[in-house]
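Asker: Model the following, please.
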Amino acid sequence: MAPTTEAAERELQLVAFRLARETYGIEIAAINEIIRPQEVTHVPRSAEDLKGIINLRGKIVPIVNLRRRLGLPEAEEPAAEARTSASSQRVIVVNYDGSLVGLEVDSVVGVLRLSETLIEKPAEMVETVDSEFVLGVGKHQDELIILLNVEAVLKPSDVSGR
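Answerer: Predicted structure coming up:
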């Protein structure tokens, strides 16, 4: 009976972040670091969701606008709120296919531990993102957290310049 108890109490460690008023999560193992947004160099004729590239300690890192990638609306805020909002923006740098890729998000909530028993597979009716991008929906306190499949989110477009 001990193995069943261990399996039932397995926890995922996630970095939770906000995007278009929703909370999303990525497994911490996929994340290299979290940085403040930097000035990007725009790449001509690149994919619409590729914001550009940055030099991160000698490595060229493509920056993906995660709102665009997921088909979410762009932030529409008054100028005063935009300054505050811009200061909370972060770039989550993930390891993808042997390279680093930055995901631009509205803000980072923090690191959460979520029991696997509190995660459900996405329903067919998940409207905010394509269901292939979603690993599941977790419940943390009174909030739902959409768990993103980083591999699926990054796979469809050529963000690494290959």
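
Asker: in this structure, what spans have low per-residue confidence?
Answerer: 1-8, 76-86, 123-131, 156-162 (pLDDT under 70).

Asker: Okay, strands next: where are they in it?
Answerer: 11-19, 22-27, 31-35, 50-56, 59-65, 90-96, 99-105, 107-115, 119-120, 134-140, 143-148 (DSSP state E).

Asker: how far off strand 90-96 does the fourth one point, in degrees?
Answerer: Think strand 50-56. 80 degrees (axes from the mean of the first three to the mean of the last three CA atoms, to 10 degrees).

Asker: And the spatially closest residue to residue 114 that is not a sequence neighbour, how far from residue 115?
Answerer: For residue 114, ignoring the flanking residues on the chain, the nearest one in space by CB to CB, 6 or more residues apart in numbering is residue 138 at 4.7 Å. Placement of C-beta: from N, CA and C, glycine included. For residue 138, the distance to residue 115 (CB to CB, to the nearest Å) stands at 9 Å.

Asker: quick one: common contacting residues for the two?
Answerer: residue 12 (CB atoms under 8 Å, 6 or more residues apart in numbering).

Asker: Give me the more crowded residue out of these two.
Answerer: Neighbour count, other CB atoms under 10 Å: between residue 138 and residue 115, residue 138 has more, with 23 against 14.

Asker: Next, the contact list for that one, please.
Answerer: Taking CB under 8 Å, 6+ apart as the test, what residue 138 contacts is 12, 14, 25, 114, 118-120, 144-145, 147.

Asker: Show me what it bridges to in the sheet.
Answerer: For residue 138, the beta-bridge partners are residue 119, residue 145 (DSSP bridges).

Asker: I'd say residue 88 and residue 107 touch.
Answerer: Yes: between residue 88 and residue 107 there is a contact under CB atoms under 8 Å: 4.0 Å.

Asker: What is the burial count for the closest residue to residue 40 other than its chain neighbours?
Answerer: Closest residue in space to residue 40, ignoring its immediate chain neighbours: residue 52 at 3.2 Å, by CB to CB, 6+ apart. Neighbourhood size, residue 52 [other CB under 10 Å]: 17.

Asker: quick one, what contacts residue 52?
Answerer: Residue 52 sits in contact with 40-43, 46, 62-63, where contact means CB under 8 Å, 6+ apart.
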